[in-house]
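J.: Kindly generate the corresponding structure for this input.
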Amino acid sequence: MGLYEFFYKYFVAPIKYNQGYNIVNTLTYAVILGIAVLLLYKMLKRMRIRVDERFFISLMPYIILGPLMRSMTDIGLLPRTYLTVSPGGYFVIAGFAIASLFAVWRHLGPDERLYSIYRDFGWVLVAGLLFIMVINWNRVSVRWGFFKYFIPSLLVAETFIWLLTKKFELVRNNKVLYYTHFYDATTTFVGIQFFGFWEQHVLARTLMSIFHTPAVMYLEKFVIITVVVYILDRLMKDEDPELINFIKLTIFILGFGPGTRNLLITLLR
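T.: Below is the predicted model:
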C-alpha cells in the first residue's frame, strides 16, 4: 500500500463515506491534540493570559460553536465538507478561537477587557449560526420524545457521580469533568439505544460489540477520566498548576463538545 492509498484509506475515506474513526486516525489525532495542547499553553504563557475561570467563561461560545456547526452539518443546514465535519470542523473552530484571541490580544494585551471582548466575539459567531438555523427552521423537525429518555437517563447518571463525590476526594475535586463526560455518555447511550444512531469512535464501538449495550459508555468514561485525573492530581501534582488546568479544560471540551453535538443531532432532524 502506497502513501496515498494509506492516507486515503485511514483519513479521507472515513470522512468522505462517514465511516467513523479507526485506530490509525484516532491515534494520529490524539498525538496532534497532545502537541496542540502544549503549544497553545506555551502561547498563552507568552501572552500572559492565565488559564482561570475568566478564561474558561470567555472560551464558552467557541466550545459551543464546534458542536453547533457539526450538528447543523449533520441535519443538512450546512454543506458537508472536510471543513464542517470532525475532525476538520473542530480544526476550523480552533483556528477561529485562536485567531480571535490573538487579534484581541494584539490590540489590548493581557488587559482585563480582553476576556469580555473575546467572549462577545465568540457569541457573535454563535448567533450567526443560530440565525442560519432560524431562517431554515422549516427544514428542521424536533424529536420531542428524545427528552423522555434523555432526562431520566441523565438524572440517574449524574446522581451516581454526585454520590461518588460524597465518598471519593478524586471525584469530588474533578466533579465538573465527571458530570460533563457522563452527560456525553448519556447522549450517546440515548441516541444509540432508542434512536438507532451508531458510535463513531473505535474504542467505544469495540466495547459495545463486546458488552452488547451502549450503556458501557458510562464505564468507559468513568475509567478513562479516573485514570487521567489521578495522573494529573497525584502523579503530576508538582507540575505547573496552570498547565494542569489547561489539560483539564481540554478534557472538559472533549466531553461537552461531542455531548452537545450528539444531543443536537438526536433532538433535531
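
J.: Can you name the element that comes right after the lowest-mean-pLDDT helix or strand in the chain?
T.: Ranked by mean pLDDT, DSSP states H and E, the weakest helix or strand in the chain is helix 13-16, scoring a mean of 80. On the C-terminal side of helix 13-16, the closest following helix or strand by DSSP states H and E is helix 23-46.

J.: Of all the residues in whichever helix or strand comes after that next one, which ones are buried?
T.: Counting by DSSP H and E, the next helix or strand C-terminal to helix 23-46 is helix 53-74. For helix 53-74, a neighbour-count test (16 or more other C-beta atoms under 10 Å) marks 54-56, 58-59, 61-74 as buried. Quick note: C-beta positions are derived from backbone N, CA and C, even for glycine.

J.: Same question for stretch 187-206.
T.: Going by neighbour count (16+ other C-beta under 10 Å), the buried part of stretch 187-206 is 187-192, 194, 197, 199-202, 204.

J.: Kindly report the same for stretch 202-222.
T.: Within stretch 202-222, the residues that count as buried by 16+ other C-beta under 10 Å are 202, 204, 207-208, 214-218, 220-222.

J.: With stretch 169-186 instead?
T.: Of the residues in stretch 169-186, 170-171, 174, 177-186 count as buried by neighbour count, 16+ other C-beta under 10 Å.

J.: Now do the residue nearest to residue 154 when sequence neighbours are not counted, the pLDDT please.
T.: Nearest non-adjacent residue to residue 154, counting by C-beta to C-beta, 6 or more residues apart in numbering: residue 186, 4.7 Å away. Listed pLDDT for residue 186 reads 98.

J.: same deal with residue 170?
T.: Residue 170 is assigned a predicted lDDT (pLDDT) of 96.

J.: Secondary structure and distance to residue 259 added to the buried residues of stretch 169-186, as CSV?
T.: Shown next, in CSV, are the buried residues of stretch 169-186 (DSSP: H, G, I helix; E, B strand; the rest coil; distance: C-beta to C-beta, whole Å):
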residue, secondary structure, distance to residue 259
170, helix, 22
171, helix, 19
174, coil, 17
177, helix, 12
178, helix, 13
179, helix, 10
180, helix, 7
181, helix, 8
182, helix, 9
183, helix, 5
184, helix, 3
185, helix, 8
186, helix, 8
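
J.: got those residues as JSON lines, with distance to residue 155 columns?
T.: Shown next, in JSON lines, are the buried residues of stretch 169-186 (distance: C-beta to C-beta, whole Å):
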{"residue": "170", "distance to residue 155": "23"}
{"residue": "171", "distance to residue 155": "18"}
{"residue": "174", "distance to residue 155": "21"}
{"residue": "177", "distance to residue 155": "19"}
{"residue": "178", "distance to residue 155": "15"}
{"residue": "179", "distance to residue 155": "12"}
{"residue": "180", "distance to residue 155": "15"}
{"residue": "181", "distance to residue 155": "16"}
{"residue": "182", "distance to residue 155": "11"}
{"residue": "183", "distance to residue 155": "11"}
{"residue": "184", "distance to residue 155": "16"}
{"residue": "185", "distance to residue 155": "13"}
{"residue": "186", "distance to residue 155": "9"}
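
J.: Nothing else from me, thank you.
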